[in-house]
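In: Show me the folded form of this:
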Amino acid sequence: MEVAPTALTSPTTDEICSLLRIGVPRKYAAQSKGVAERTIMLWLQLGRQAEACADAGCADPHHGPSGGELTYLQFLQSVLRAEADAGALAVGYIAKAMPKD
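Out: Predicted coordinates for the structure are as follows:
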């Protein structure tokens, strides 16, 4: 799979993850930062491929753009952490409201 130059940077990842942490769906978090839904899905797919790769010396594109700020695996891990934070936040709100309802 050939991967085009990427806009995957630390600031873009941080901004997307900030939105994910408050519960914004991936599609809208990415689009609000100028990243197409198709692109974020590709980055996540490449991150999962890198996670499954057992070859320490692998130079396949799934590890990330050469000279890039982040790897696709780092992006995947950041997104998953942000979404877990959103889930914990939502459960906290529900738990806080339970005694009243």
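
In: Nearest the geometric middle of this protein, what residue?
Out: The centroid of the chain falls nearest to V79 when counting by CA atoms, centre = their mean (3.0 Å).

In: Touching, that one and P25? I think so.
Out: No. Counting by CB atoms under 8 Å, V79 does not reach P25; the two are 11.6 Å apart. Any C-beta I mention is one placed from the backbone N, CA and C, and that applies to glycine too.

In: Same question for the helix or strand containing the residue nearest to the centre of the chain: list its buried residues.
Out: Per DSSP states H and E: V79 is located in helix 72-97. Buried residues in helix 72-97, counting neighbours by 16 or more other CB atoms under 10 Å, are found at 72-76, 78-79, 82-83, 86.

In: would you turn these into CSV with pLDDT and distance to T13?
Out: Formatted as CSV, those follow (pLDDT from 0 to 100; distance: CB to CB, whole Å):
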residue, pLDDT, distance to T13
Y72, 89, 11
L73, 90, 12
Q74, 92, 8
F75, 93, 6
L76, 95, 10
S78, 96, 5
V79, 97, 8
A82, 96, 9
E83, 95, 13
A86, 91, 16
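
In: low-scoring pLDDT stretches of this structure, where are they?
Out: Across the chain, the ranges flagged by pLDDT under 70 are 1-6, 56, 65-68, 101.
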